[in-house]
Structure formats: C-alpha cells, structure tokens
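Engineer: what's the 3D shape of this:
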Amino acid sequence: MPHINPRALWIVLVLLGSTLCLAQGPCPTANSTKSSTIPQLSSDLICVVPQVYGPGGLVGTDHGGPLLSTAQFSHAAHFSSSALQSFSPLNSEIGTQISQLPLTAPVSGFTFSFNPSLGVVSRQTESFGPILTERADTIGKHRLFLGVSYQYFNFDKVDDVNLKNFGTVFQHESEHELCSPPNPFITCTPSGEPVFQQDVIATQNRIDLKVHQVAAVATFGVTDRFDLSVAIPILDVRMGMSSSAVINSFETAADRPPCCVHQFDPINPQIPARENFIAPSQATFFEQRSASGIGDVILRGKYEVWKGEKAGLALGLDVHFPTGDERNFLGSGAWGGRPFVTFTYGGGFLLMEPSDISGTAHRFWRVTLLLTRRPICPTSSPTQQEWTRD
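Structural biologist: Sure thing, here's the model as predicted:
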C-alpha cells in the first residue's frame, strides 16, 4: 500500500475546499457567466467586494457586469474568476478580524468588600486590572457584576494589506478552445490562446471599514474561586469600497477581432449609480453597505487555582457561540474556544492565550505582560505599562 503524506493530503483538501467555496460562495458573482439570468445585487456585506463592479462581477453587461458584451466573438468577457481569487482571501480576513474584536474584561476596575471585624470597606484588588485581557482575581462567591462598554474600530490595514490604497491586476479567463481547431475569425498566439485573452484589467482600490461595538457583560461568582461570565456584543459594521479600473488591451487593428475587444459600456444598464464612466478603457466604481445586530456571544469560565497574599494563578476558557450573522461580518459562523492562563502579582499580570479562536486552528500563543509601578505617594493613581508579544 503506497505511503500517503498527511501534509500533502491536507493541502489538497484545503485547495479543494477553497475551490468549492469559490464556486458555491454566498455571492452569485462566480457563476454569473454560466447562466443567461442576470444575478441580483446582494444586501450582505460579504458581497460588497465581489460585487463592487456589478451584480455579476467583472463581466459583460449581458451577465450583470460593466463591460461591453462580447457574445459576437463567441466568448464571454469574464475577469471575475481572477477578481474573486484576488479579493476572496482579503474578504475572508476582514471577516476573521471583525469576529475576533476584543471585549473589555468583565472584572476590570477595583473591587471592595466590607470587613466586619474592622467595620470598614476595604479594597480587595491592587490595581484597575487589565482592560482587554483578564487577571487572576475572582469577584467572590455569589457576587454579581454587570457592565456595558463601547468601542470604535477604524481599520486601515488587514493582513499587511493597506486598505486605503492597494492595487490588483485581473487576468482574462482561459479560452484556448477558441483556437482548437483554428478559427479564421480569431487571431491566436503561438501558445494556442486568443490574443484578446492577454488583456488585463489593472485596478487601484480602497476599502473603508468601521465598526461600532457595544458589549453587555455579566459575571457571577459561583464560588470564591470560580467565576462564570457572559458577554453579548452588539455590532454596527459599515463598509465601503471604491475601485478605479483600467483595461490594457494587447490586440492590434490587424488582429481578428481588432482592438479593442474589452471595453466598459458607457450606458451600462446594471449599475449606473455606482459607476463613473471615464473612457472605454477606464471607469471607477463604488459600493457601500452597513449592517448591525448581535455578534458572537461569549461564555467564559475562570477558576483561580492558586491564591497567595499578593499573587494568584487562574485558568480559564472562552466559548464562542455562532450567534452573529457571518454574511454581514457580525460573527464567525462557527463555534470556537480559547483557553487562557493568567498570573497576577501585586498590580501586574501575565496572560497567555491562543492568538486564533477559529476552532482548534491555534497558530501560536500570545503572551501579554502588564506591570504596575507604585508611586511614592500612596494617594496617587498607579501608572501602568503593557507589552504584548506574539
């Protein structure tokens, strides 16, 4: 029996899954040239990028795109496959980033309790604690903490891609069958491809992505050492994309068909309000949508395994429920879990947690260190310094 390399098998499965997702994605763009029915614009945020050029993508107007129909040349003007391959990873990463937005820690701030032997209220924690992470302290048996937080995110970069200015080049899909057998009405290259297949569309793009997040948090002390928390985020996601496209044609006046086969339609009936026609070879496009709703609900359990006079060690687990709409970037669309370990000493803490919550795909662990320097004056507020290292 031949030996099968597990890593090679995994790569094949990933590529196969990506191909299937591309062909059967949530937007009708991928299959726009395979049907005579013009697709409709989707209201989902996940389709903002694929449909920025029209409901059918970067194809002819007879398939829901901005290009002149090329049916007279026995082929469809389709650059959609190249556009999807270029934009799909970025679109997926945007969804991943939004689904992993941080929440404020449920026990940030000082905690106080009444000391019956002294008849006074005393502070139980030594610092405000982390804001976006977790400390080892628990709130105490049968105590309840309720809180609401607001955060605003304005994305300028995703996966090292500058969202405010990035370029892409789209290639025409292969149509070598038009040259085999030879066609007297089509000029072919020595490699057996139509000359017009060498045409490319160069684009310069910008994506504006803003997220408003309101999170309601509740923590209940089941015991003195065990806390149970729930966080319910409400998201308002606003996304817009603009793209300036230029067609570079390689056929000449002597070729069959002559230049230029691929052009933008000046009277595009599909998206006149979202397209600015500049020239047959140049146009700009814009698409903007928004969505709001509940995000992925998070359930957290934390157990303080050791507590000293000034130090503590706790283990915890976050469970993410797929309650957010992944088609509108409100959630991940999948269950997830994130274990963490946090050590507190005095006013500082050390936190270890995975950097990825998507199922079990933990690529590495993130270590966060916060130290508190105590001032000489005891009535002054402590200053905090935080370092995060992946």
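Engineer: low-scoring stretches of the stretch 1-150 of the chain, by residue?
Structural biologist: Within the stretch 1-150 of the chain, the stretches with pLDDT under 70 are 1-26, 30-35, 74, 76-77, 104-115, 121-133.
Engineer: swap in 80 and give it another go.
Structural biologist: In the predicted model, the stretch 1-150 of the chain carries pLDDT under 80 at residues 1-37, 71-78, 80-84, 103-135.
Engineer: who does the longest helix that the chain contains touch, helix- and strand-wise?
Structural biologist: Across the chain, the longest stretch assigned as helix under DSSP state H is helix 80-99. In terms of contact count using 3 or more C-beta pairs under 8 Å, 6 or more residues apart in numbering; DSSP states H and E, helix 80-99 is assigned the packing partners helix 6-23, strand 157-158, strand 166-171, strand 200-221, strand 226-248. Quick note: C-beta positions are derived from backbone N, CA and C, even for glycine.
Engineer: run the last query once more with 7 Å
Structural biologist: strand 157-158, strand 166-171 (3 or more C-beta pairs under 7 Å, 6 or more residues apart in numbering; DSSP states H and E).
Engineer: what mean pLDDT does the first one get?
Structural biologist: Model confidence over strand 157-158 averages 90 on the pLDDT scale.
Engineer: contacts for it?
Structural biologist: 90, 93-94, 97, 163 (C-beta atoms under 7 Å, 6 or more residues apart in numbering).
Engineer: among these, which ones are buried?
Structural biologist: 90, 94, 97, 163 (16 or more other C-beta atoms under 10 Å).
Engineer: now the residues you listed in TSV, please, with extra columns for distance to residue 267.
Structural biologist: What follows is the buried ones among the contacts of strand 157-158, written out as TSV (distance: C-beta to C-beta, whole Å):
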residue	distance to residue 267
90	31
94	33
97	39
163	32
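Engineer: quick one: which of the residues you listed is nearest residue 242?
Structural biologist: Nearest to residue 242 among the buried ones among the contacts of strand 157-158, counting by C-beta to C-beta, is residue 163 at 11.2 Å.
Engineer: so who does that closest one touch?
Structural biologist: 155-157, 207, 209.
Engineer: who wins for neighbours among the residues you listed?
Structural biologist: Among those, the one with the most neighbours (other C-beta atoms under 10 Å) is residue 207, at 25 neighbours.
Engineer: what's across from that residue in the sheet?
Structural biologist: Beta-bridge pairing for residue 207 (DSSP bridges): residue 241.
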